[in-house]
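>>> this one's sequence-less:
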């Protein structure tokens, strides 16, 4: 982890910036996997699951017995924690629900916007040794609240063919309709195009490795996706009221995700920067995942010295961090300076893990600067809108010259004709 | 145009279905264009504009003089039609505006969702011989209402270096901040990555040809896009109350877009089907764009005979049409059967062109069945949300065991530590 100036940060940031516009090494494999799954369905899924996960399955869908077994294996404390988290997530996301609206205007005109849930949604949950029950809740609960009829989870099995019991318990608590034992690009292909066992969904959400992310980019357009997730990031703006030990702990919680995670602190006080640096070193030594943390800190850990708070917020908006902690005086009064951030944590007692697990807002957040144009996952991700237009004969007649003018200007004379024929009002009905 | 059953339609629909997951012939060119624009900026834009549009430009940005000249060239009737359309579009889209919200809970907890406009948006408008001033309004007005600071339009010039005056007039009426003379994949690359003249934007919207659509798919993730637009479609559900001449005129208004446009009618009455077919033939003969229309009808025109209304609506939801017209008795009472459609037009006096130009709802709609998961373009496309989390020391203490349990379950012990260290409450501040 090193201390640099804002200017230095911006110049090195250029090199950071990722790009979606190159064929990647893995594209060939990803496209081949998608092709095989489209062609051979379940058969391809069984084969890839054997090849990549070492599991020789005969059944993709998790059975009721497996769910029951899983629930026995998890502790009561864990189940109760899960349920508390669910209650908070539900409470927050309920406010996001959107409703259809209709407006009646003069002349028998009615306009509106109809909100309809997606019928089927697929959630990808990473598997293997790590288990992410919190991601199950964060992805499934908004879908459920939106009214999605069919919520499907896919997650890769361990080599013995089992799924982590905490993930299965979370799937039950969240109300998912089915869990399938399949991971990687093959799971994304199955969700996008369907197989004998797995139904094609309308939208795929959830985190995953490079293969999963790239497969999501490829199927995008045939099916909706949440986002193409990049490395996780935190940006902490700290002033003299921020305890260095807290700042350090939060940077390290980000760093432990993986080597490419980005822990960044912006401060106006060089003395604070040094204290944080010392704390980072001290705490790292005590942490289980210190190898990963050290790599992340070395490659991406930065403490940036800003001239003043205004420069700090400029930098924040340029970085557009996934997680932003404002550990400064009167943070809520400074909130209007924040234009681009996935989630904003205010004060010294709102560390990122509070949001990751418990507070209620979603932990699926836009990464790699995409907070400039993306939102946290929400109920709005699982509904879509239809516009409604209803005109009376009289209202259309009144509007007809304007419509005909605009259609003719665009050279679309059959468009003009569709209005003209009604303006003239001569028609026969079937019963005439 | 042919008459078939619902079953026949569904079996031939399989062949229709497009896919995003293949490398396309044009991908090589598209990726090369993006690479050149990233590397050479304006210079590449000038070169491609010469190569593809035949225009040898020295200046990309439309000047004030050019705008003034354009306004002289368009008729007063057109300008007035544009302004009426603008008023209706504004009135409808204003209802879509979202607002930030904050909730105070017990124990000093505050949660919220902050809504912020995108800072910069780019709109692609197709050019050449056709001109689409209506698309300018439909894309720019929601961006303006959302509060986007910088709205940029790109559109390819004619070979003499000019832009269609109707498009320029619409850009002024809609309040766009700049218009640049560049089209194709090179325009998408410029908007996504920026050049000396064109600023990088956060989101690219608007229709375009295959190169534009594919370039949008490639830059997606580095920048937001609205959708990957496919061929335009209409689906008309008609019963005996629908005048065959009107149904035919509306099918033809769709067919004139291009050869791949899909005009579909679903009816329960075979006699009506025949009458519509006759009307289609009769009217086609009179229309300017009859060659395009005949191709579209031949390839994609279908009148589908449904057993009953329930089968008709099942088919509608499977097709998920861009435009749906319900020319049936009491159409608004049937609206709840519609799950998937971009825009729904009710009754005999709400033809699609009314929505294309005038009524107020957006004409940028999900195509090719993507209405299963996508919405019309709206104000919501030009804002994004940030979650806000603020906990007091007391509230965090109360939640800490739950958070620590969940973090440890996921093996993320540094996450647990960030809460633990605050629970213990021992820290020193900088000033201590």
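In hand now; what should we look at? Computed from a predicted structure; not experimentally measured. Numbers count the residues shown, from 1 in each chain, chains lettered A, B, ... in the order given.

>>> tell me how chain A divides into domains.
Domain assignment for chain A by automatic domain parsing gives A:2-18+A:230-359, A:27-225, A:397-424.

>>> reformat those as JSON lines; add distance to residue B:108 and mean pLDDT.
To be clear about C-beta, it is placed using only N, CA and C from the backbone, and glycine gets the same treatment. Listed next are those as JSON lines, based on distance: least, Cβ to Cβ, whole Å; pLDDT from 0 to 100:
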{"stretch": "domain A:2-18+A:230-359", "distance to residue B:108": "9", "mean pLDDT": "93"}
{"stretch": "domain A:27-225", "distance to residue B:108": "15", "mean pLDDT": "95"}
{"stretch": "domain A:397-424", "distance to residue B:108": "55", "mean pLDDT": "94"}
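
>>> could those be laid out in CSV, adding mean neighbour count and distance to chain B?
Output for those, formatted as CSV (neighbours: other Cβ atoms under 10 Å in any protein chain shown; distance: least, Cβ to the nearest Cβ, whole Å):
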stretch, mean neighbour count, distance to chain B
domain A:2-18+A:230-359, 21, 4
domain A:27-225, 20, 4
domain A:397-424, 21, 4
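
>>> for those domains, which one sits closest to residue B:263?
Minimum separation from residue B:263 across the domains of chain A (Cβ to Cβ) falls at domain A:397-424, 10.3 Å.

>>> for that closest one, measure first residue to last.
End-to-end span of domain A:397-424 (Cα to Cα, to the nearest Å): 9 Å.

>>> quick one: the strands in the stretch 1-150 of chain A?
For the stretch 1-150 of chain A, the strands defined by DSSP state E, counting those that start in this stretch cover A:2-5, A:101-105, A:109-117, A:120-124, A:150-155.

>>> just checking, what packs against the first one?
On a contact count with 3 or more Cβ pairs under 8 Å, 6 or more residues apart in numbering or on different chains; DSSP states H and E, strand A:2-5 meets helix A:270-286, strand A:302-305.

>>> take these and write them to a markdown table, including distance to residue A:9.
Below are these laid out as a markdown table (distance: least, Cβ to Cβ, whole Å):
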| stretch | distance to residue A:9 |
| --- | --- |
| helix A:270-286 | 13 |
| strand A:302-305 | 5 |
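
>>> correct me if wrong: residue A:231 contacts residue A:369.
No - using Cβ atoms under 8 Å, residue A:231 is not in contact with residue A:369; the gap is 11.1 Å.

>>> mind listing residues that contact the helix or strand where residue A:314 lies?
Residue A:314 belongs to helix A:309-319 when assigned by DSSP states H and E. With contact meaning Cβ atoms under 8 Å, 6 or more residues apart in numbering or on different chains, helix A:309-319 is reached by A:6, A:9-10, A:13, A:233, A:235, A:237, A:239, A:264, A:266-268, A:304, A:306, A:324, A:328, A:334, A:337-341, A:369.

>>> in strands, which of these fall?
When DSSP state E is applied, the contacts of helix A:309-319 are split such that A:233, A:235, A:237, A:264, A:266-267, A:304, A:324 fall in strands.

>>> endpoints of stretch A:186-199, how far apart?
Stretch A:186-199 has an end-to-end distance of 14 Å (Cα to Cα).

>>> and stretch A:150-159, by the same measure?
End-to-end span of stretch A:150-159 (Cα to Cα): 28 Å.

>>> residue A:351 is nearest to which of the strands of the stretch 1-150 of chain A?
Residue A:351 lies closest to strand A:2-5 among those, at 21.9 Å (Cβ to Cβ).

>>> neighbouring strands for the closest one, and are they parallel or not?
Sheet partners assigned to strand A:2-5 using DSSP bridges are listed as strand A:302-305 (parallel).

>>> in three-state terms, label residue A:224 for me.
Of the three states, residue A:224 takes strand according to DSSP: H, G, I helix; E, B strand; the rest coil.

>>> if anything else comes up later, I'll come back, but that's it for now.
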